[in-house]
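Asker: everything below, folded, please.
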Amino acid sequence: QYGGVMNPQMQAMAVDQAWQSEIATVVLGKEFDRVGLTVSADELFDLVQGKTPSPLITQYFGNPQTGEFDRTAVITSLKSRNQNPQLAQQWLMLESEIEKQALQQKYTKLISNSVYVSSLEANDEYVNLDYSSILDANVKLTDADYKEYYEENKKRFDNPQETRDLQYVSFSIQPTAADSALVKTQVEKLAADFKTTPNDSLFSANNSDVKVPYTYLSKGKLDPAVDSVIFNYSAGSFYGPKFSGNSYKLVKVVDSRFSPDSVKASHILINPAQVGGDDKALKLADSLKKLAQGGSNFAELATKFSVDGSKDKGGDLGTFARGAMVPEFENAAFDGRTGDIKVVKSQFGIHVIKIEKQVGSSKVVKVAYIEKTLAPSQKTRDAAYKKATAFLAEVKSDNFSALAQKQGYTVGLADRITATQGYAPGLDNPRQLIRDAYEADKGEVLAQVYNMDNAYVVAQVTSIKPKGQLSLEDVKKQIEPQVLNAKKAKMLTEKFDKALSGTSSIDAV
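Answerer: Okay, the predicted model is just below:
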């Protein structure tokens with residue numbers, strides 16, 4: 001889908017998840033080998049395009065209209081990877097991740113199946129005494145309670161690497177009502193100019209915050225708020241401004257038509273650098289086209305002359321949908337007819353394309369598209385920065401929370417932050433802040449105002465937890481819920497023992 005971007009926190013979390021996946025692979029890999037766990041080729045096939053696809057596949061290949069798994073999209077993408085190195089690399093990474101998940105699921109199942117209840121245990125009778133039956137307010141925790149729990153669970157508190165806890169105040173730089181009104185006025189002016197411009201593609205390219213290819217698009221490729229409307233419009237129609245997802249959309253429908261849903265094609269790719277330049281490459285392509293039209297075997301010509309990896313299959317590219325190929329190639333394949341042989345130039349070289357088959361037919365639209373994000377004005381940014389610098393100038397290491405509360409600001413917490421972490425709760429793109437936090441001492445207020453994507457931030461290091469065994473003081477706040485339950489367990493046990501001492505039947509209890 002075109003339009004919109006991944007925010008920095010999502011990107012950082014994705015990177016961190018990939019890193020954690022690598023750690024899990026290293027840690028569990030030896031264990032998988034030890035117990036002989038593998039994922040066979042048949043299992044991987046089933047997880048990618050079979051009846052029980054991996055959750056990763058269903059996530060990436062869900063039908064935009066129904067939300068259901070689209071197996072056809074998977075197969076089309078798989079076939080397209082031969083002529084798209086970037087797509088091929090993405091598939092290698094995806095299949096590797098699917099295999100890792102499958103191995104971890106097998107291992108988890110193996111462990112869970114090793115736990116069983118004997119027939120003797122199955123016949124035992126039990127009494128359920130829930131922790132929630134005792135109100136938290138009725139439980140008084142002492143230092144001895146914390147110490148007892150800590151000593152009994154000491155092994156759990158080994159810190160694999162140094163971490164730091166932070167507290168911070170954010171000064172929002174979200175657009176104000178005045179900003180919104182200003183952007184709306186600008187967009188309305190832009191819409192008026194867009195309607196009358198003689199060069200739709202250039203105008204949209206110069207004015208849009210999000211780039212959408214100036215080519216034919218099938219349903220489901222644009223923002224849903226736009227996609228649901230423009231396929232009912234005829235060529236020359238204009239739609240917008242439409243506000244959706246924090247941005248205004250302006251769309252001019254340049255053309256609409258019915259087009260194949262997918263195309264099966266073969267090609268011969270010629271590298272101009274290897275034959276003496278574009279002119280000679282085009283002459284060679286025209287000669288090959290005439291040979292093919294005259295009855296020569298296209299597959300044999302591809303094997304002999306193509307520099308693309310598909311030459312080993314006679315130039316066969318399989319079946320692909322719109323969006324799988326570069327625009328020049330796509331236009332030739334979808335605009336032609338079955339049996340046509342076309343010559344086109346793209347960023348990869350000169351293509352001789354044979355259209356083997358065209359499948360299905362549905363409406364496509366060619367649009368000039370402008371998207372303008374609702375962003376804060378410089379005035380709004382300056383006002384937020386002024387508040388942040390004033391707070392930083394006044395705050396001290398011993399009054400951070402008190403001063404924030406006094407001035408009406410909310411204090412955010414980011415605990416157990418590692419030195420290499422790329423994200424933190426409530427903060428977008430906090431890498432510089434984290435680096436500086438690791439240069440600071442406990443209690444120190446960091447010396448600068450940090451510019452996040454949606455706020456200015458002032459932060460303080462509240463705790464430094466070293467690598468190794470953490471002290472009771474380090475984990476006291478963290479273990480409070482567990483200590484509370486442990487104390488309740490004692491109280492319930494005493495209650496049970498007292499009740500049981502006066503009866504001979506568990507039913508009476």
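
Asker: residue contacts, Gly349?
Answerer: 269-272, 281, 307 (CB atoms under 8 Å, 6 or more residues apart in numbering). In this view, the C-beta of every residue, glycine as well, is placed from N, C-alpha and C.

Asker: brain fart, Asp279
Answerer: Shown in contact with Asp279 (CB under 8 Å, 6+ apart): no residues.

Asker: flag every buried residue along the helix or strand hosting it.
Answerer: For Asp279, the enclosing helix or strand under DSSP states H and E is helix 278-293. Residues 281-282, 284-285, 288-289, 291-292 are the ones in helix 278-293 that count as buried (16 or more other CB atoms under 10 Å).

Asker: after it, which helix or strand is next?
Answerer: helix 298-305.

Asker: okay, that next one in CSV with CA atoms only?
Answerer: Output in CSV follows, covering the C-alpha atoms of helix 298-305 (Å, rounded to 0.1, in the frame of the first residue of the first chain):
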residue,chain,number,x,y,z
PHE,A,298,12.3,-17.5,-27.7
ALA,A,299,13.5,-19.6,-24.8
GLU,A,300,16.7,-20.6,-26.8
LEU,A,301,17.3,-16.9,-27.7
ALA,A,302,16.9,-16.0,-24.0
THR,A,303,19.4,-18.7,-22.9
LYS,A,304,21.9,-17.5,-25.5
PHE,A,305,21.6,-13.7,-25.2
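
Asker: and the helix holding Asp279, how far out from the chain's middle?
Answerer: Taking the mean of its C-alpha atoms, helix 278-293 sits 44 Å from the chain's own mean (CA atoms, centre = their mean, to the nearest Å).

Asker: mind listing the helices for the stretch 201-350 of the chain?
Answerer: Under the criterion DSSP state H, counting those that start in this stretch, the stretch 201-350 of the chain contains helices at 224-230, 272-275, 278-293, 298-305, 327-335.

Asker: ok, which of those comes nearest Ala102?
Answerer: Closest approach to Ala102 among the helices of the stretch 201-350 of the chain (CB to CB): helix 224-230, 32.5 Å.

Asker: just the CA trace of that closest one, in CSV.
Answerer: The C-alpha trace of helix 224-230 is given here as CSV (Å, rounded to 0.1, in the frame of the first residue of the first chain):
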residue,chain,number,x,y,z
PRO,A,224,-8.3,3.1,2.2
ALA,A,225,-10.0,6.5,2.5
VAL,A,226,-8.9,7.3,-1.0
ASP,A,227,-9.0,3.7,-2.5
SER,A,228,-12.6,3.2,-1.5
VAL,A,229,-13.7,6.2,-3.6
ILE,A,230,-11.5,6.8,-6.7
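
Asker: any buried residues in it, and which?
Answerer: Neighbour count says helix 224-230 has 226-227, 229-230 buried, by 16+ other CB under 10 Å.

Asker: who's in contact with that helix?
Answerer: Helix 224-230 is touched from outside by 3, 64, 219-222, 237, 239-240, 242, 244-245, 249, 251, 253, 365, 367, 369, with contacts defined as CB under 8 Å, 6+ apart.

Asker: swap the cut-off to 7 Å and go again
Answerer: 219-220, 239, 242, 244, 249, 251, 253, 365, 367 (CB atoms under 7 Å, 6 or more residues apart in numbering).

Asker: and that helix, how far from the chain's centre?
Answerer: 23 Å.

Asker: repeat for stretch 447-455
Answerer: Per CA atoms, centre = their mean, the centroid offset for stretch 447-455 relative to its chain is 24 Å.

Asker: re the thing from before, so can I have CSV of the helices of the stretch 201-350 of the chain showing distance to Gly318?
Answerer: Below are the helices of the stretch 201-350 of the chain laid out as CSV (distance: least, CB to CB, whole Å):
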stretch, distance to Gly318
helix 224-230, 27
helix 272-275, 25
helix 278-293, 19
helix 298-305, 14
helix 327-335, 12
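
Asker: to Pro53, which of the ones you listed lies closest?
Answerer: Comparing the helices of the stretch 201-350 of the chain by CB to CB, helix 224-230 comes nearest, at 23.8 Å.

Asker: so, low pLDDT: which residues of this protein?
Answerer: 1-27, 35, 62-68, 80, 82-86, 112-129, 500, 502-509 (pLDDT under 70).

Asker: strands of that one, start to end?
Answerer: 158-159, 163-172, 216-218, 238-244, 247-259, 262-270, 316-321, 341-346, 349-359, 362-373, 411-417, 450-451, 455-465, 468-469 (DSSP state E).

Asker: OK, contacts around the nearest residue to Trp91 once chain neighbours are set aside?
Answerer: Excluding the flanking residues, the one nearest Trp91 by CB to CB, 6 or more residues apart in numbering is Arg81, at 5.2 Å. Counting by CB under 7 Å, 6+ apart, Arg81 makes contact with 87-88, 91.

Asker: please, where are all the helices along the stretch 51-200 of the chain?
Answerer: Using DSSP H, counting those that start in this stretch, helices in the stretch 51-200 of the chain cover 55-60, 71-80, 85-113, 119-122, 143-152, 177-196, 200-207.

Asker: please identify the deepest-packed of those helices.
Answerer: Of all the helices of the stretch 51-200 of the chain, helix 71-80 carries the top mean neighbour count, a mean of 18, counting by mean count of other CB atoms under 10 Å.

Asker: just how off-centre is it within its chain?
Answerer: On CA atoms, centre = their mean, the centre of helix 71-80 falls 21 Å from the chain's centre.

Asker: tell me the spacing between Phe203 and Thr197.
Answerer: 4 Å (CB to CB, to the nearest Å).

Asker: circling back: would you turn the contacts of Arg81 into CSV with distance to Gly50?
Answerer: Output for the contacts of Arg81, formatted as CSV (distance: CB to CB, whole Å):
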residue, distance to Gly50
Leu87, 21
Ala88, 21
Trp91, 16
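
Asker: nearest to Asp158 among those residues?
Answerer: So of the contacts of Arg81, ranked by how close each gets to Asp158 (CB to CB), first place is Trp91, at 39.1 Å.

Asker: okay, that closest one and Tyr60: tell me how far apart.
Answerer: The gap separating Trp91 from Tyr60 is 10 Å, by CB to CB.

Asker: equivalent analysis for Thr215, please.
Answerer: 22 Å.

Asker: now do the contacts for Ala191.
Answerer: Shown in contact with Ala191 (CB under 7 Å, 6+ apart): 240-241, 250.

Asker: try it again with 6 Å
Answerer: By CB atoms under 6 Å, 6 or more residues apart in numbering, the contact set of Ala191 is 241, 250.

Asker: OK, contacts around Pro430?
Answerer: Contacts of Pro430 by CB under 6 Å, 6+ apart are Ala424.

Asker: for it, grab phi and psi.
Answerer: For Pro430, the backbone dihedrals (degrees, to the nearest 10) come out as phi -100, psi 20.

Asker: pop the domain breakdown of this protein in here.
Answerer: What automatic domain parsing lists as the domains of the chain is 11-119, 125-157+471-500, 161-174+377-466, 177-259+368-373, 262-359.

Asker: list the contacts of Phe203.
Answerer: Here Phe203 is in contact with Thr197 (CB under 6 Å, 6+ apart).
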